[in-house]
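Colleague: quick one, fold the following:
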Amino acid sequence: MTTKALTRCYRFETVDFEPDLRLLVWQDNTETELTVHESRLLETLCYFAGEVICAQSLFDKTFTQLDPYDNENNNHFDLNTLLISLTQKLENNGSMSIPIEVIPNFGFRVPLPDKTCRLVHTFNKQPRLSVDSAPEQKLESATEHIVKYSLLHKISVLLLAAAGVAIVIVSNF
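Modeller: The predicted structure is shown next:
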């Protein structure tokens, strides 16, 4: 089973970074998954690629957009720990695929990507179902349920369409 998704991509010489999927895709098509926070940090650095961004701005732009109601995100983040884990994942064959330059007393910078683009990412993973289990039924949203089954909704759509036609007819006279 293959699935395709359109994703944003920052293309560097040896790796593509797809922030929507939190993935580093290497030239041999192997993938390295990033944590949510590593991905947000790298995405912020790539967004400001070529520019020096100070540690406080990097922190603010990476973590202030998180959901304030999510208990996991109410913790304090250690930028240094995230940078260390991220640089370990960015290392390939003894060199940094996306070098994060530390400029003392100023901040951080990554080089400009070779290209920014949208990619169609293909997932080749099989569904995680055991042989005995049946696929779960797809849950439909309240909106889908109303559109499919509500008589009141169907009548209101019909009345709105009739009103629209009446307005067009009256405006032509």
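Colleague: who are the neighbours in contact with A49?
Modeller: 10, 109-113 (Cβ atoms under 8 Å, 6 or more residues apart in numbering). The C-beta positions use only the backbone N, C-alpha and C, and glycine is treated the same way.
Colleague: so it sits in a helix?
Modeller: No. Under DSSP: H, G, I helix; E, B strand; the rest coil, A49 sits outside any helix and is assigned coil.
Colleague: pLDDT wise, what is it at?
Modeller: Looking at A49, its pLDDT is 91.
Colleague: export stretch 152-159 to PDB, keeping only CA atoms.
Modeller: Written as PDB, here are the backbone C-alpha positions of stretch 152-159 (Å, rounded to 0.1, in the frame of the first residue of the first chain):
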ATOM      1  CA  LEU A 152     -33.100  20.100   7.800                       C
ATOM      2  CA  HIS A 153     -29.700  20.700   6.200                       C
ATOM      3  CA  LYS A 154     -31.000  19.500   2.800                       C
ATOM      4  CA  ILE A 155     -34.100  21.700   3.000                       C
ATOM      5  CA  SER A 156     -32.000  24.800   4.000                       C
ATOM      6  CA  VAL A 157     -29.600  24.200   1.100                       C
ATOM      7  CA  LEU A 158     -32.600  23.900  -1.300                       C
ATOM      8  CA  LEU A 159     -34.100  27.100   0.100                       C
END
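Colleague: and the residue positioned nearest the centre of the chain, how far is that from L6?
Modeller: Centroid-nearest residue in the chain, with Cα atoms, centre = their mean: D20, separated by 2.2 Å. Separation of D20 from L6 (Cβ to Cβ, to the nearest Å) stands at 9 Å.
Colleague: show me the contacts for Q56.
Modeller: By Cβ under 8 Å, 6+ apart, Q56 has no neighbours at all.
Colleague: pull the residues that contact whatever helix or strand C9 lives in.
Modeller: Assigned by DSSP states H and E, C9 falls within strand 3-11. Applying Cβ under 8 Å, 6+ apart, the external contacts of strand 3-11 come out as 16-21, 46, 49, 113-123.
Colleague: that one pairs with which strands, and in what direction?
Modeller: If you go by DSSP bridges, strand 3-11 pairs up with strand 15-18 (antiparallel), strand 115-123 (antiparallel).
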